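K.L.:
Could you look at this predicted model? Sequence included:
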Amino acid sequence: MLKAYLTIDDSPSPYTDTLIDFLAERNIPAILFCRGDRMAENPQAIIRAIEKGMVIANHSYSHCPAGELSYEEIISEIEKTEKLIDECYQKAAVARPGKYFRFPYIDKGDGDRLERRFGEITGDIETASLFGDDKVRQIQDYLKAEGFTQPFEKLTHPLYKNKAVARAADCLFTYSSCDWMLTRRHQGQFDYKSLDDLKCKIDDDPWLCREGEGAQIVLFHDQPEIGQVAIALITHMLDKGFEFLSVT
Ligand SMILES: [Zn+2]
């Protein structure tokens, strides 16, 4: 059985309701890593997502890469968004399952945008020194003290053999759908230029489509422009027999 945790970044958007309806109809659980600035404008979409069984997590407030912010600014962003998440859970009258955080662009504070160079780091990933400097460690210490955890189990991807990744308080991913490559802003400039390319990427990934007990963490984005891309790719995964796992 192929297993994956579905994670969706940058919610809410004007497309969130459509995406959540698609997932809820198919009983697919997802974690939405939400931006505080967008939650402040549209809390209703997130309350609705909670009511439909989705898990809400923190993706900073302004989506500014952490490498461009001071330690104090990053903590302030995380706390502002935490407050909004708590309010949404209260309004939905649902108990919050846990505190989860993902850095925008997977920049953990040192300016290294791991999301963009995800493909190239997997070569020597077990020993790679990924997150080094004092600010990165300081943020990790804060997250751990505040009770942030990674809710995923049975991760077999080599990335999670790297202790800095496995023990981190923030959530990474083990497979990027690269759906963002089909936005108008980026289309044609990266390796994957069409929906078919992205379906082949799923088919060809050596870890994603490996049968066994392990699970992968897949990353999609909540953006109106590529909402249909996400739905088509999740459908492609269902057709391949994927089971999407719940973190609760
Ligand atoms: Zn993001």
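P.N.:
That came through, no problem.
K.L.:
only C-alpha atoms for contact and neighbour calcs from this point on.
P.N.:
OK.
K.L.:
How far off centre is stretch 205-225?
P.N.:
How far stretch 205-225 lies from its chain's middle: 11 Å, per C-alpha atoms, centre = their mean, to the nearest Å.
K.L.:
Would you mark the buried spots in that stretch?
P.N.:
207-209, 214-224 (16 or more other C-alpha atoms under 10 Å).
K.L.:
all helices for the protein, in order.
P.N.:
Counting by DSSP state H, the chain has helices at residues 16-25, 36-41, 43-51, 71-92, 118-121, 134-145, 163-166, 195-204, 227-239.
K.L.:
Figure out which of those is closest to the ion.
P.N.:
Each of the helices of the chain has some distance to the ion by C-alpha to the ion; the shortest is helix 36-41, at 11.4 Å.
K.L.:
give me the number of residues near W180?
P.N.:
21 (other C-alpha atoms under 10 Å).
K.L.:
how near is it to S194?
P.N.:
11 Å (C-alpha to C-alpha, to the nearest Å).
K.L.:
try S76
P.N.:
S76 is 38 Å from S194, by C-alpha to C-alpha.
K.L.:
State which strand of this structure is the longest.
P.N.:
Ranked by residue count, the top strand of the chain under DSSP state E comes out as strand 3-11.
K.L.:
So what sits opposite the residue most central in space within the chain in the bridge?
P.N.:
Residue closest to the average C-alpha location in the chain (C-alpha atoms, centre = their mean): T7, at 4.4 Å. Counting by DSSP bridges, T7 is bridged to I31, L219.
K.L.:
what's the pLDDT at it?
P.N.:
The model reports T7 with a pLDDT of 98.
K.L.:
Repeat that for the one 5 residues further on.
P.N.:
Looking at P12, its pLDDT stands at 98.
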